[in-house]
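1. from the sequence below, what's the structure:
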Amino acid sequence: MFFTTIVQIDDCELWEANGNGDNRPGPGETIDMVVSLSVPENRKSADECHVSLFCNDNELEFTNSEFNPGEIGNGEQITNEDNPFSFSVPNDMEPRPVNFIITVEAQPGDWTTEYEFEMMIGWPDILLIDVTEDEDATEAMMDVFGDHNLPWVDYLNLAEEVVIPNNLLSHYDAVLWHTFNCEESIFFEFEEVTLMDYLDAGGTLIMSSPYTIMHYGNIDFFSEYMGAGLENPDLESRYVYSYEGSGSFEGANLFLGGGDGAGFATVTPGLSIEGGGEAVLYYPDEDEIAGIGGIKNETDDFKTLLLSFPIESIGGAAGTEERYEFIERIWNWVNGEHGVFDENEPQVYDFKLDAAYPNPFNSTSVIPFSLTQSDNISLKLFNVAGREVGQIASGDFKAGNHKVILDASKFGLTTGVYYIQLDGKNGTSTSKALYIR
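-> Coordinates of the predicted model:
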């Protein structure tokens, strides 16, 4: 006896038809999506089966979003491997999450089902490493990104993943490690070397982790990389203020609890300055300073910011700063310590074209550049004779960090040295790349 037909979606895989092999859709890449469907053995065969793909982002360019398998027998599994869904990502698309919906329709019985999922396009500037083991704390952090003046972020739940995947951190300009009130600090013990390698390679690390500081605050990692040590295991403070002259953090006024925060901080350790560390935030005791609550350490190789309180606790209660406002300060610091914005002060425009990577390359190379103001830019490729080979990207780009893909196959490159030229309203910047066929 067979029951009413059901067509189920068993799997969905992404294949880079034209990409850099990092298993993620990115600017300039073409992606194939292969879907597996089946009818359970105890269900009627499906007829007139039709599968369609919908996306909520009109910047993606679809060349195939339909699949018509027709009949699927009971107990049978099929895929669209021979004719996959396919879409292209524009060269200038900013990293952000995109929602997809796969819809399956079949007869008999007008059967319809949908499979909805979210996918990050490109690599955002920030990776959020979550060690909170607290859903409210996770939500308190994730809710602020992609809104206000903050970028989208990638998210890694270390409590579930257990370890940071190899080479993952190399994709990000900054890593924000946050633990809320989680007392379990063994995750840091496992990942200390990974974090050191990331910083040695030029990364930026923000750590908001009271209990990690309590347990490990006096080891070499904190003194050498974070410019800090443990002074007092708990100052039992609810307020955090900024030191004068603390750049992006000047004027900060935080309350650790209430409002829309995830809850009060259970401990607030006091920090000591080590090496080249610089105190930017403190815990008050009436009109005195009870202890240091935040230290930044900026070297020629890396930048770190250590906060001995949980960012998730900031709730904007009693007229104090909202959580998103404080994270905007952190983002400002990550982007170059521009200080508190003054609308009456003339703003200096600048842009920077960084070195492409990998370099040399034999397929694709990532070209990073940054703007301090929105601009209409042109990114072109020239050969050693100075002749233009082609335009890599152009158009209006917002202020911030950007990455575009140089795909050798699109320009028919031969082995040799090429020059990448970024043109904006106030000047030109050039870098060099070696293509090896």
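
2. okay, and for the stretch 101-250 of the chain, where does confidence drop off?
-> Screening the stretch 101-250 of the chain residue by residue with the criterion pLDDT under 70, one finds the ranges 185-186.

3. with the stretch 301-437 of the chain instead?
-> 337-350.

4. which stretches in it count as strands?
-> Using DSSP state E, counting those that start in this stretch, the strands of the stretch 301-437 of the chain run over 303-307, 351-353, 364-371, 375-383, 388-397, 400-407, 416-424, 427-435.

5. would you mind finding the most buried of the ones you listed?
-> Most buried of those by mean neighbour count (mean count of other Cβ atoms under 10 Å) is strand 303-307; its value is a mean of 24. No exception for glycine: its C-beta is placed from N, CA and C like everyone else's.

6. does residue 53 touch residue 62 like I think?
-> Yes. In terms of Cβ atoms under 8 Å, residue 53 counts as a neighbour of residue 62; the distance is 7.4 Å.

7. quick one: end-to-end distance for stretch 93-112.
-> In stretch 93-112, first residue to last residue: 33 Å (Cα to Cα, to the nearest Å).

8. tell me the buried residues in it?
-> Buried positions in stretch 93-112, judged by neighbour count with 16 or more other Cβ atoms under 10 Å: 93, 94, 95, 97, 98, 100, 102, 104, 105, 106, 111.

9. how close does the last one sit to residue 229?
-> The reference is to residue 111. Relative to residue 229, residue 111 is positioned 64 Å away (criterion: Cβ to Cβ, to the nearest Å).

10. repeat that for the first one.
-> Residue 93 sits 43 Å away from residue 229 when distances are taken as Cβ to Cβ.

11. any chance of the strands of the stretch 301-437 of the chain in a markdown table, plus distance to residue 161?
-> As requested, the strands of the stretch 301-437 of the chain are exported to a markdown table (distance: least, Cβ to Cβ, whole Å):
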| stretch | distance to residue 161 |
| --- | --- |
| strand 303-307 | 23 |
| strand 351-353 | 33 |
| strand 364-371 | 24 |
| strand 375-383 | 35 |
| strand 388-397 | 33 |
| strand 400-407 | 24 |
| strand 416-424 | 35 |
| strand 427-435 | 34 |
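
12. ok, which of these comes nearest residue 188?
-> For these, the distance to residue 188 is smallest for strand 303-307, at 12.3 Å, taking Cβ to Cβ.

13. ok, that closest one: who's next to it in the sheet?
-> strand 204-208 (parallel), strand 288-298 (antiparallel) (DSSP bridges).

14. which residues does it contact?
-> Outside strand 303-307, the residues that touch it by Cβ atoms under 8 Å, 6 or more residues apart in numbering are 199, 204-209, 213, 222, 225-228, 271, 280-281, 293-297, 330, 333-334.

15. roughly how far apart are residue 76 and residue 7?
-> In this structure, residue 76 and residue 7 are separated by 10 Å, where distance is defined by Cβ to Cβ.

16. I should have written residue 392 there, sorry.
-> With the distance defined as Cβ to Cβ, residue 392 ends up 43 Å from residue 7.

17. please apply the same query to residue 173.
-> The spacing between residue 173 and residue 7, counted by Cβ to Cβ, is 43 Å.

18. these two touch, right, residue 233 and residue 210?
-> No. Contact criterion Cβ under 8 Å: residue 233 and residue 210 do not qualify, at 9.6 Å.

19. so what sits against both of residue 53 and residue 62?
-> By the contact definition Cβ under 8 Å, 6+ apart, residue 53 and residue 62 are jointly contacted by residue 85.

20. more neighbours, those two?
-> Higher neighbour count among residue 53 and residue 62: residue 53, with 22 against 14, using other Cβ atoms under 10 Å.

21. residues contacting that one?
-> With Cβ under 8 Å, 6+ apart as the criterion, the residues that contact residue 53 are 33, 62, 65, 66, 85, 100, 101, 102, 103.

22. that one falls within a strand, correct?
-> Yes. Judged by DSSP: H, G, I helix; E, B strand; the rest coil, residue 53 forms part of a strand.

23. distance of it from residue 32?
-> Residue 53 sits at a distance of 11 Å from residue 32 (criterion: Cβ to Cβ).

24. joint contacts of those two?
-> residue 85.

25. how about the helices in the protein?
-> Counting by DSSP state H, the chain has helices at residues 135-142, 158-161, 186-200, 210-216, 220-224, 323-334, 408-411.

26. the closest residue to residue 241 other than its chain neighbours: how many residues sit nearby?
-> The shortest distance from residue 241 to any non-neighbouring residue, by Cβ to Cβ, 6 or more residues apart in numbering, is to residue 284 (5.5 Å). Look at residue 284: counted by other Cβ under 10 Å, it has 16 neighbours.

27. confidence score at residue 284?
-> As predicted, residue 284 sits at a pLDDT of 94.

28. and the residue nearest to residue 406 when sequence neighbours are not counted, what is it in contact with?
-> Closest residue in space to residue 406, ignoring its immediate chain neighbours: residue 365 at 4.7 Å, by Cβ to Cβ, 6+ apart. Residues in contact with residue 365 (Cβ under 8 Å, 6+ apart) are 356, 357, 358, 359, 405, 406, 408, 433.

29. ok, those residues vs residue 12, which is closest?
-> Within the contacts of residue 365, the smallest distance to residue 12 is 23.6 Å, found for residue 405 (Cβ to Cβ).

30. from what I can see the closest one touches residue 364, true?
-> Yes. With contact defined as Cβ under 8 Å, residue 405 reaches residue 364; the gap is 5.4 Å.

31. give the residues shared as contacts by these two.
-> Common neighbours of residue 405 and residue 364 (criterion: Cβ under 8 Å, 6+ apart): 20, 28.

32. now the residue nearest to residue 241, which residues is it bridged with?
-> Going by DSSP bridges, residue 284 is paired in beta bridges with residue 289.

33. can you give me the distance of it to residue 141?
-> As for residue 284, its distance to residue 141 is 25 Å (criterion: Cβ to Cβ).

34. correct me, but residue 404 touches residue 379?
-> Yes. With the criterion set as Cβ under 8 Å, residue 404 and residue 379 qualify as a contacting pair; they are 6.3 Å apart.
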